[in-house]
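A.B. asks: Predicted model and sequence follow; I will ask about them next.
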Amino acid sequence: MIAGAQVTLTRENQPSQEAVSDKDGQFSFSNVPPGPFHLTITSEGFAEQSFSGVLHPGEIDDVPSLTLPVANNVTEVQVTPSTNEVAEEQLQAEEKQRVLGFVPNFYISYNPNAAPLSPKQKFKLAWKATIDPVTFGLNGGIAGIEQAQDKFPSYGQGAEGYAKRYGASYADLVTGTFIGSAILPSLLKQDPRYFYKGSGTIRSRILYALANAVICKGDNRRWQANYSGIIGSLASGGISNAYYPPASRGAGLVFENALIGIGESAAANIFQEFIVRKLTPNLPSRQADKS
């Protein structure tokens, strides 16, 4: 037996005794009453060994040499996915969210503790939102309404006027999405998504939706002023001066578009909070709210 092994002597209805083997692997117990006994030998890195016997009156019992086999090493490896991997999995689920099964609804998380997006994932989401076929179709509808109302009359009518309105509207969408939902959120470490509340009183949910037009979650998951969205709207409005008719340009257009953007966000958030989830099929079960 090895040196330094822990040896425990137990007997029925008697207190146990302990000893440690010496450098030669020897050990001994004194004043042991006669009767059945049980030895347990343990040592770190070795499998436990045991021996049972009976000590007769006046007998000195020599226990046979015991060999401690090397213990089987059990290595437990726990693999924890990185934050980026968790975010990618959640993002893939969000990219499948479509109202009525076809209208993209990518910028909403039904998971209140969703992992923050990396800059690459923020740009990926912006790209997917701006090139979705439904986005092109909805933008065409907006351009058609503007033409019917003769908005921006300098564009004229006919196919050329429609094309100009369509291009301007789509440019607004692209610049607003990329600046306010990808570039600035990456620089300022903010999350461009709306986090569905889904619980509480109607009043609390309305106030939450309205507040989220001007606040957002940071990548640190703390609430903060939505500088990305607000500055993004102003920047997009400034860029729009490059392609809107001269009569419609100026600071007024910039701030008007920014205020309209904030108002649209507030209305969209209320719509998200009370209606959209019910119209969005195939939500992951772990995210779906039961209220």
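C.D. replies: Structure received.

A.B. asks: residues touching residue 136, list them.
C.D. replies: Neighbour list for residue 136: residue 170 [criterion: CB atoms under 8 Å, 6 or more residues apart in numbering]. Yep, even glycine has a C-beta here, placed from its N, CA and C like the rest.

A.B. asks: That one sits in which helix or strand?
C.D. replies: Using DSSP states H and E, residue 136 sits in helix 133-148.

A.B. asks: Would you map the strands across the stretch 51-200 of the chain?
C.D. replies: 98-99, 103-104, 108-109, 194-195 (DSSP state E, counting those that start in this stretch).

A.B. asks: wait, which of these is closest to residue 247?
C.D. replies: The minimum distance between residue 247 and the strands of the stretch 51-200 of the chain falls on strand 103-104, with 33.7 Å, by CB to CB.

A.B. asks: Quick one: end-to-end length of stretch 66-79, please.
C.D. replies: Distance between the two ends of stretch 66-79: 40 Å, counting by CA to CA, to the nearest Å.

A.B. asks: for it, what is the average pLDDT?
C.D. replies: The pLDDT scores in stretch 66-79 average 67.

A.B. asks: Next, name the residue at the spatial heart of the chain.
C.D. replies: Centrality entry for the chain: nearest residue to the mean C-alpha point is residue 115, 2.2 Å, by CA atoms, centre = their mean.

A.B. asks: where's it relative to residue 127, distance?
C.D. replies: The gap separating residue 115 from residue 127 is 20 Å, by CB to CB, to the nearest Å.

A.B. asks: swap in residue 239?
C.D. replies: 18 Å.

A.B. asks: which of these two has more neighbours?
C.D. replies: More neighbours surround residue 239 than the other of residue 239 and residue 127, with 17 against 14 (other CB atoms under 10 Å).

A.B. asks: residues touching that one, list them.
C.D. replies: Here residue 239 is in contact with 171, 175 (criterion: CB under 8 Å, 6+ apart).

A.B. asks: Just the pLDDT for it.
C.D. replies: 88.

A.B. asks: for the one 3 residues further on, same thing?
C.D. replies: Residue 242 is assigned a pLDDT of 84 by the prediction.

A.B. asks: quick one: contacts for the most far-flung residue of the chain relative to its centre?
C.D. replies: In the chain, the residue that sits farthest from the middle, by CA atoms, centre = their mean, is residue 58; the gap is 72.8 Å. Going by CB under 8 Å, 6+ apart, residue 58 touches no other residue.

A.B. asks: Any figure for the gap between it and residue 29?
C.D. replies: 16 Å.

A.B. asks: show me where the stretch 51-200 of the chain has helices.
C.D. replies: Under the criterion DSSP state H, counting those that start in this stretch, the stretch 51-200 of the chain carries helices at the ranges 83-94, 119-130, 133-148, 158-178, 184-188.

A.B. asks: which parts of stretch 29-42 are buried?
C.D. replies: Neighbour-count burial for stretch 29-42, with 16 or more other CB atoms under 10 Å as criterion, is recorded at 32, 37, 39, 40, 41.

A.B. asks: residue ranges with poor pLDDT in this protein?
C.D. replies: The model of the chain has pLDDT under 70 over residues 1, 71-77, 253, 284-291.

A.B. asks: how far does the helix holding residue 136 sit from the chain's center?
C.D. replies: Helix 133-148 sits 34 Å away from the centroid of its parent chain (CA atoms, centre = their mean, to the nearest Å).

A.B. asks: just stretch 162-181 next, same as before
C.D. replies: Centroid separation between stretch 162-181 and its chain, computed with CA atoms, centre = their mean, is 30 Å.

A.B. asks: List the contacts of that stretch.
C.D. replies: Residues contacting stretch 162-181 (CB under 8 Å, 6+ apart): 107, 122-123, 125-126, 129-130, 135-136, 139-140, 142-144, 146-147, 151-152, 155-156, 192, 228-229, 231-233, 235-236, 239-240, 243-244, 257, 261.

A.B. asks: repeat that for 6 Å
C.D. replies: 126, 129-130, 139, 142-143, 146-147, 155, 192, 228-229, 232, 235-236, 239-240, 243 (CB atoms under 6 Å, 6 or more residues apart in numbering).

A.B. asks: from those, which would you call buried?
C.D. replies: For these, buried by 16+ other CB under 10 Å: 126, 129-130, 139, 142-143, 146-147, 155, 192, 228-229, 232, 235-236, 239-240.
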